[in-house]
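**Student:** sequence unavailable; structure follows:
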């Protein structure tokens, strides 16, 4: 009987989660993807191969609105873009792929990357090759590995940001899995044709014992091992006071610390560990959690530290229950002191005491702003991160026109917005005019409330969604804007996030107001996050009907107007006056 060795003991195969046996059976992550791709009669992959597909950067989905007439399979493809920086030529190539093979939209994710939606199976190969040809990749954008590494995206006068981005890009490359199946399946043969012998039916993985299923001589990743990580792993970089990567929601965070004697020199990093948003309704073993501040390390040790923390997750993460398989549960159950000791034993050096670092704000900047190098950057609001053209608001066309003509660097934010960086001051007026010609007033991109909203994709394509999110956000924004105007808060900025389920892709558990889908048309209402994204909110009402959300919030906002202290935000008021 196969077993998996963890930091505590060997777990019998009978107790391992199914995904663990799948990874052990095919450590090169190939599964049966290639034969299915080569079969023109197949419009989808098996449930087992769906798991391998994620490691290659794609999710198999279907249009849930059309299930009554049979499943119509679609694919979401996600790129791996460390720090969310996209050169102009690459952006144009990505936009072209969205029009040729997707649903004519690009979606900015809450982890600084792009997703292509609505791709059918025959388009998978062309999109993967197109991304590769544009010098991008989808390797490890999903799956039980280190995913896209976040870094500050807003150009500013802070001299540490270039070093943080360089370290984020280095970690992304070093921590990517070294499996070869991706290149063999997607890039090795232009036509994705296989030898005739490969078209022979392959037995289902479930029917093969782990010992027999493991290919002889299959490559084992030197960092991840044959079964990779227990679940996904997320890393982010940030510099106080701007928490523009929501760093406390990550498994591992690096907070840049400047040398007190030379603010332009990166002295090192405060290491954070154990953050994560996902939870499950009614399951007390799961919960959102903010990362702990573990200690400080010199800048040159950042890769060693990242590798060490990844191996702690690899060896101590829960491989029997995937809902309980994140690093945050290791920290919650074993404690910070245990983690520090385990880190020192593995890394060969101990962390120093953390340096002072206080975050005050998370949200993006919009409109035109100066860069430290004399250039200009433009913050563009994108509702739900969906870059698309609609009547009177041709955002996708405007962006493509500007990128073609002026070649700015495109930067993606964790708030699902976009920055055009490195713009010559001489081009500012012309770019503003292009946006205006397509129905976008850069000086007035929406209310303060609107620009502080975020939603996950949810229905109709996400298989985990319990309720709507992206599709109902426009309705909610209008209702909230009307309510805020009614109570005299028309210009108030309140962080609002909505997700279709408690997995928390839009990080709802940090918002001042959040809706988390519980059932069709019903949401848990959570209140009390803060401006800096350093405090979890709390459940206020359970299973609120969609049409009753405004009714629930009206008296609270009225109290806020009457009782708020000078400069107090809504989330802080809720914690002080309502939840205590």
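**Tutor:** Looks like it arrived, so ask away. Since we're looking at a predicted model, the values are computed, not measured.
**Student:** after the helix or strand where residue 258 lies, next one along is what?
**Tutor:** For residue 258, the enclosing helix or strand under DSSP states H and E is strand 252-259. On the C-terminal side of strand 252-259, the closest following helix or strand by DSSP H and E is strand 262-273.
**Student:** which other helices and strands contact that following strand?
**Tutor:** strand 252-259, strand 292-298, helix 302-316 (3 or more Cβ pairs under 8 Å, 6 or more residues apart in numbering; DSSP states H and E). Heads up, the C-betas are built off the backbone N, CA and C, glycines and all.
**Student:** tell me the average confidence for the helix or strand hosting residue 126?
**Tutor:** Using DSSP H and E, residue 126 sits in helix 121-133. Confidence over helix 121-133, taken as the mean pLDDT, stands at 97.
**Student:** show the subsequent helix or strand relative to that helix.
**Tutor:** Remark: after helix 121-133, the chain's next helix or strand is helix 161-174, criterion DSSP H and E.
**Student:** lowest average confidence, helix or strand, in the protein?
**Tutor:** helix 210-213 (a mean of 36; mean pLDDT, DSSP states H and E).
**Student:** low pLDDT regions in the stretch 1-150 of the chain?
**Tutor:** 1-9 (pLDDT under 70).
**Student:** mind doing that once more with 90?
**Tutor:** Scanning the stretch 1-150 of the chain for pLDDT under 90 picks out the ranges 1-14.
**Student:** now do the strands in it.
**Tutor:** 3-5, 10-12, 58-62, 73-78, 85-86, 106-108, 114-119 (DSSP state E, counting those that start in this stretch).
**Student:** out of the ones you listed, nearest to residue 33?
**Tutor:** Ranking the strands of the stretch 1-150 of the chain by their distance to residue 33 (criterion: Cβ to Cβ) puts strand 58-62 first, at 9.7 Å.
**Student:** which is the next helix or strand following the host helix or strand of residue 411?
**Tutor:** Following DSSP H and E, one finds residue 411 within strand 409-412. As assigned by DSSP H and E, the chain's next helix or strand after strand 409-412 is strand 418-423.
**Student:** what angle do the very next helix or strand once past that following strand and strand 418-423 make?
**Tutor:** Sequence-wise, the next helix or strand downstream of strand 418-423 (DSSP H and E) is helix 428-437. In terms of direction (axes from the mean of the first three to the mean of the last three Cα atoms, to 10 degrees), helix 428-437 departs from strand 418-423 by 150 degrees.
**Student:** mind giving me the packing neighbours of helix 428-437?
**Tutor:** Helix 428-437 packs on helix 395-406, going by 3+ Cβ pairs under 8 Å, 6+ apart.
**Student:** domain map for the chain?
**Tutor:** Domain segmentation of the chain under automatic domain parsing yields 17-150+176-199, 235-347, 450-578.
**Student:** out of the ones you listed, which is closest to residue 371?
**Tutor:** domain 17-150+176-199 (14.0 Å).
**Student:** any idea how far the closest one is from the chain center?
**Tutor:** What separates the centre of domain 17-150+176-199 from the centre of its chain is 16 Å, taken as Cα atoms, centre = their mean, to the nearest Å.
**Student:** mind checking how far the residue nearest to residue 229 when sequence neighbours are not counted is from residue 225?
**Tutor:** In space, residue 229 comes closest to residue 144 once its chain neighbours are excluded; the distance is 4.4 Å by Cβ to Cβ, 6 or more residues apart in numbering. According to Cβ to Cβ, to the nearest Å, residue 144 stands 11 Å off from residue 225.
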